[in-house]
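Enquirer: Next one to model:
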Amino acid sequence: SILIYIIYIMSMRIKNNYLVYNGKKYKCSIGRNGFSDKKKEGDGCTPTGVFQVTEILFRKDKLKHLITNYHLQVISPSDGWCDDPSSSYYNKKIKFPFSDSAEKLFRDDDRYDIVCVTNHNQNPIISGRGSAIFIHVASNNYSATAGCIALSLHDLTEILSTLNNTSELHFGI
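Expert: Predicted structure coming up:
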């Protein structure tokens, strides 16, 4: 009973542009085309399923005191994430210069000040099944994402203070 309660509160549920975690409800953004159980690269959908955060990347030049249970990795100006299904680096962190299509992680806006990498399409990586499904900082108006989950910086840092590598993320289910 207490164990079931602890497992329940340590899971995150995302539905209807709200994320529920530790008994609190947070406004969030999802993919511009909603949730999909048939995620494809570039479809603008957030994948449905149960996931975990595998690593957290952050902008050390912008965030000084991020508290989390994860070993943090600093985002450098040359960091990116490959979104090219034909690349052998598909759905992996890369360094620029890079000849295949990839998204820059070191951005001028604040969206990727924190990047929580999920294990969507990670083991194994299947070409074209979706890359770079992150939890990151939302725009001020919570505009839709290309498939990620986005929260305010305040809410994301609050969640990260207790999230751990066994926490389950329930996307759209």
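Enquirer: Spell out for me which residue occupies the centre of the chain.
Expert: Taking CA atoms, centre = their mean as the criterion, F134 is the residue nearest the geometric centre of the chain, at 1.8 Å.
Enquirer: Run a quick check on that residue versus D113, I expect a contact.
Expert: No - in this structure F134 lies outside contact range of D113 using CB atoms under 8 Å: 11.8 Å. Using the backbone N, CA and C atoms, a C-beta is placed for each residue, glycine as well.
Enquirer: SS state for the closest residue in space to I56 that isn't next to it in sequence?
Expert: Of all residues not flanking I56 in the chain, Y70 sits nearest, at 4.5 Å (CB to CB, 6 or more residues apart in numbering). Under DSSP: H, G, I helix; E, B strand; the rest coil, Y70 falls in the coil class.
Enquirer: Contact partners for Y70?
Expert: Y70 sits next to 53, 55-56, 160, 163-165 when contact means CB atoms under 8 Å, 6 or more residues apart in numbering.
Enquirer: Low-confidence stretches in the protein?
Expert: For the chain, applying pLDDT under 70 flags the ranges 1-10.
Enquirer: what about the helices in the chain?
Expert: 2-9, 153-160 (DSSP state H).
Enquirer: if I pick the closest residue to L105 other than its chain neighbours, what's in contact with it?
Expert: Excluding the flanking residues, the one nearest L105 by CB to CB, 6+ apart is D79, at 4.3 Å. Neighbouring residues of D79 by CB under 8 Å, 6+ apart: 57, 93-96, 104-106.
Enquirer: Now, those that are in strands?
Expert: 57, 93-95, 104 (DSSP state E).
Enquirer: want to throw those into TSV with neighbour count?
Expert: Output for these, formatted as TSV (neighbours: other CB atoms under 10 Å):
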residue	neighbour count
L57	23
K93	18
I94	21
K95	11
K104	15
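Enquirer: Next, format those as CSV and append distance to G49.
Expert: Below are the ones in strands among the contacts of D79 laid out as CSV (distance: CB to CB, whole Å):
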residue, distance to G49
L57, 22
K93, 21
I94, 25
K95, 29
K104, 27
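Enquirer: Quick check: of the residues you listed, which lies closest to L153?
Expert: The closest of the ones in strands among the contacts of D79 to L153 turns out to be L57 (CB to CB; 14.6 Å).
Enquirer: Surely that closest one is in contact with V117?
Expert: Yes - at 6.9 Å, L57 counts as touching V117 under the criterion of CB under 8 Å.
Enquirer: which residues do these two both contact?
Expert: By CB under 8 Å, 6+ apart, the residues touching both L57 and V117 are K93.
Enquirer: got the end-to-end distance for stretch 112-127?
Expert: 24 Å (CA to CA, to the nearest Å).
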